[in-house]
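Peer 1: When you get a sec, could you give me coordinates for this:
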Amino acid sequence: MNASRRQIKHLTRCIAAALVYLCLVGRAAFATAPDAKPAAGDGKQTAVKMLAELHLLEPIWQSPIVYRESTLFVQDAADQPATAKLLFTPDEILEVRLANGSQKLELDRDFTVDSENRRLIATAETRAPRLKAAELFPPKGSSPLSIAHKTGDPDTYVLFENGHWFHDRQVEVTYLHRRDVWRAEAPKLAEKQLPKTLARLRARQPLSIAISGDSISEGYNASGFSGAPPGMPPYPDLIAAQLEQTFGSRVTLRNRAVGGWSVDQGAADLDKLLAEKPDLVIIAYGMNDVGRRDPARFKTQIAAMLRRIEAAGSDIEVILVAPMIGNSQWRHTPREMFPQYRDALASLVKPGVALVDLTSIWSEMLKRKREVDLTGNGVNHPSDFGHRVYAQAILALLVAPAAPAKAE
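Peer 2: A predicted model of the protein is given here:
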């Protein structure tokens with residue numbers, strides 16, 4: 001696996017879905033391929049140009065304005081209009097547009113607002129893409145845009161596509177809200193866990209970040225990775241660009257994440273990652289591990305990686321990432337296992353090791369939204385909005401929060 005890592009990075013994207021499925025299922029399942037990913041180094045440069053519009057330091061748990069929240073119009077029944085769910089009760093809709101930027105949607109022409117139920121309602125003349133609820137779970141063999149299989153039902157598949165099919169059908173909503181508050185615990189500045197990293201940044205010293213992870217961290221389904229407008233880079237590039245802008249430090253990013261990897265491959269690749277001489281390591285596994293239903297083994301593997309990192313250099317600090325929650329109706333992402341894997345990571349936190357809990361953030365979002373609102377592929381990757389939430393959560397460990405903007 002180590003010898004093929006760079007080959008995997010440059011394989012044609014037409015087998016991207018197979019990498020994930022080979023790992024999880026043991027046999028190939030192909031999907032429509034996105035376009036070629038950007039060349040190495042392009043992501044951070046693109047992110048720098050986009051930072052002002054991404055609002056990465058105004059996270060959803062803090063800001064009274066939610067920027068470009070992804071959602072999808074779904075029709076639950078033939079006699080009902082399609083609706084798109086929101087995280088918060090909207091007081092004022094500022095903008096609604098297709099996630100790919102190809103169309104702005106207009107109040108009354110394309111949608112109306114049901115504030116009480118935190119949703120938009122599609123009009124009969126809407127220009128917004130819509131899905132029927134039944135399309136989310138096609139019968140076995142009925143659609144190339146599907147993956148086996150729905151939990152407990154081998155004859156029903158789950159809607160799936162590993163390029164930008166979902167992105168092209170999602171809308172992004174920017175809106176003001178005053179009434180709702182974030183109920184889950186929010187990420188906080190990691191003064192005790194990451195003192196050396198914070199000291200480097202505050203002194204404007206160079207910072208080298210290395211990523212060990214799976215397809216989420218490699219960048220899957222970020223529009224820039226998929227070759228779709230608006231070309232937003234994956235969350236690691238967003239983090240590096242924002243840290244450079246905020247602190248004035250030169251941030252070097254070494255992303256060694258590979259689609260389909262679990263913690264086993266991350267451990268096997270660790271020596272190569274450490275050869276990059278990182279100051280900060282981000283370890284982001286779990287999505288391809290939860291299907292084992294063995295959080296104790298996962299903890300043992302992560303703990304061994306931490307010991308090897310500590311032995312390589314006492315100045316290296318680590319951020320552990322508890323992942324987003326996969327589709328509860330897909331058999332390989334059992335919902336009940338994600339908190340257990342998160343708790344395994346949380347038990348390893350200490351000075352020099354921090355945790356960012358995307359599992360809890362996703363759990364809170366899924367209380368208010370559908371899974372297809374937040375996913376980039378239907379099962380286990382984030383949308384553009386999801387990649388921004390990843391970046392917001394990790395940045396919250398490294399950047400002191402600003403005073404929330406006042407709602408006017």
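Peer 1: Poorly predicted segments of this structure, please.
Peer 2: 1-41, 403-408 (pLDDT under 70).
Peer 1: Most distant residue from the centre of it?
Peer 2: Asp79 (33.9 Å; Cα atoms, centre = their mean).
Peer 1: Tell me which residues touch Asp42, please.
Peer 2: Pro233 (Cβ atoms under 8 Å, 6 or more residues apart in numbering). C-betas here are computed from N, CA, C, even on glycine.
Peer 1: tell me which element the residue farthest from the centre of the chain is part of?
Peer 2: In this structure, Asp79 sits in neither a helix nor a strand according to DSSP states H and E.
Peer 1: where does it fall, phi/psi-wise?
Peer 2: phi -90, psi 10 (degrees, to the nearest 10).
Peer 1: what does Leu176 give?
Peer 2: phi -100, psi 140.
Peer 1: can I assume it is in contact with Phe88?
Peer 2: No: under the criterion of Cβ atoms under 8 Å, Leu176 is not in contact with Phe88, lying 9.2 Å apart.
Peer 1: Among the two, which residue is more densely surrounded?
Peer 2: Phe88 (20 against 16; other Cβ atoms under 10 Å).
Peer 1: roughly how far apart are that one and Ala78?
Peer 2: 29 Å (Cβ to Cβ, to the nearest Å).
Peer 1: swap in Leu145?
Peer 2: When Leu145 is compared with Ala78 (using Cβ to Cβ), they lie 21 Å apart.
Peer 1: Near the closest residue in space to Pro401 that isn't next to it in sequence, how many other residues are there?
Peer 2: In this structure, Pro401 finds its nearest non-sequential neighbour in Gln62, 6.5 Å apart by Cβ to Cβ, 6 or more residues apart in numbering. Per other Cβ under 10 Å, the neighbour tally for Gln62 reads 16.
Peer 1: Please state the backbone phi and psi of Gln62?
Peer 2: Torsion angles, degrees, to the nearest 10, at Gln62: phi -120, psi -40.
Peer 1: is it true that it touches Leu395?
Peer 2: No: Gln62 is beyond contact range of Leu395, at 11.6 Å (criterion: Cβ under 8 Å).
Peer 1: following the lengthiest helix in the chain, which helix or strand shows up next?
Peer 2: The residue-count maximum for a helix in the chain (DSSP state H) belongs to helix 295-312. Using DSSP H and E, the helix or strand that follows helix 295-312 towards the C-terminus is strand 317-322.
Peer 1: What is the burial count for Glu185?
Peer 2: There are 11 residues near Glu185, going by other Cβ under 10 Å.
Peer 1: Relative to Gln392, how far out is it?
Peer 2: 14 Å.
Peer 1: Grab the nearest non-local neighbour of Val349.
Peer 2: Sequence neighbours aside, Leu355 is the residue nearest to Val349 in space, at 5.0 Å (criterion: Cβ to Cβ, 6+ apart).
Peer 1: quick one: the one helix or strand the one you found maps to to strand 317-322, angle?
Peer 2: Using DSSP H and E, Leu355 sits in strand 353-357. Using axes from the mean of the first three to the mean of the last three Cα atoms, to 10 degrees, the inter-axis angle of strand 353-357 relative to strand 317-322 is 30 degrees.
Peer 1: So what's the gap between the very next helix or strand once past strand 353-357 and the chain middle?
Peer 2: Using DSSP H and E, the helix or strand that follows strand 353-357 towards the C-terminus is helix 358-366. Mean-position distance between helix 358-366 and its chain equals 11 Å (Cα atoms, centre = their mean, to the nearest Å).
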